[in-house]
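[1] Could you look at this predicted model? Sequence included:
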Amino acid sequence: MGHFAQPTAGNVAVALTQAKIKPDLTQNLDPVHTNLDPRTCPMSSYGCVVVPISTQEPFNADEKA
């Protein structure tokens with residue numbers, strides 16, 4: 001303890017190597033948050049956004065998230 005890692009792309013990448021994929025294809029990030037490697041940022045996570053590339057059905061230009 002006593003080591004603080006910045007949330008840089010590299011430190012987050014090292015932390016996320018511990019993500020575990022479950023049989024239902026969801027992920028367990030608990031090992032990411034408890035990783036003892038001093039290069040990891042313990043608050044590491046990720047997100048994604050699905051963006052339609054067309055305004056054809058079922059999407060239209062008026063859709064708002």
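    Noted; the coordinates are in hand.
[2] Could I get the full set of helices for the protein?
    Using DSSP state H, the helices found in the chain span residues 9-16, 30-33.
[3] center of this protein, which residue is that?
    Tyr46 (1.6 Å; C-alpha atoms, centre = their mean).
[4] Against Ala13, how distant is that one?
    10 Å (C-beta to C-beta, to the nearest Å). To be clear about C-beta, it is placed using only N, CA and C from the backbone, and glycine gets the same treatment.
[5] next one: His3
    Counting by C-beta to C-beta, the gap from His3 to Ala13 is 17 Å.
[6] Just want to know which of those two has more residues nearby.
    The residue with more neighbours, out of His3 and Ala13, is Ala13; 14 against 9, by other C-beta atoms under 10 Å.
[7] Where do the strands of the chain begin and end?
    20-21, 27-28 (DSSP state E).
[8] between Tyr46 and Ala13, what contacts are shared?
    Common contact partners of Tyr46 and Ala13 (C-beta atoms under 8 Å, 6 or more residues apart in numbering): none.
[9] and Thr8, which of the strands of the chain is closest to it?
    strand 27-28 (21.4 Å; C-beta to C-beta).
[10] low-confidence ranges in this protein?
    1-2, 61, 63-65 (pLDDT under 70).
[11] 50 instead?
    In the predicted model, the chain carries no residue with pLDDT under 50.
[12] Please report how far the closest residue to Met43 other than its chain neighbours lies from Pro38.
    Among residues not flanking Met43 along the chain, Pro7 sits closest, at 6.6 Å (C-beta to C-beta, 6 or more residues apart in numbering). Counting by C-beta to C-beta, the separation of Pro7 from Pro38 is 14 Å.
[13] Same question for Gln27.
    Counting by C-beta to C-beta - Gln27 and Pro38 are separated by 23 Å.
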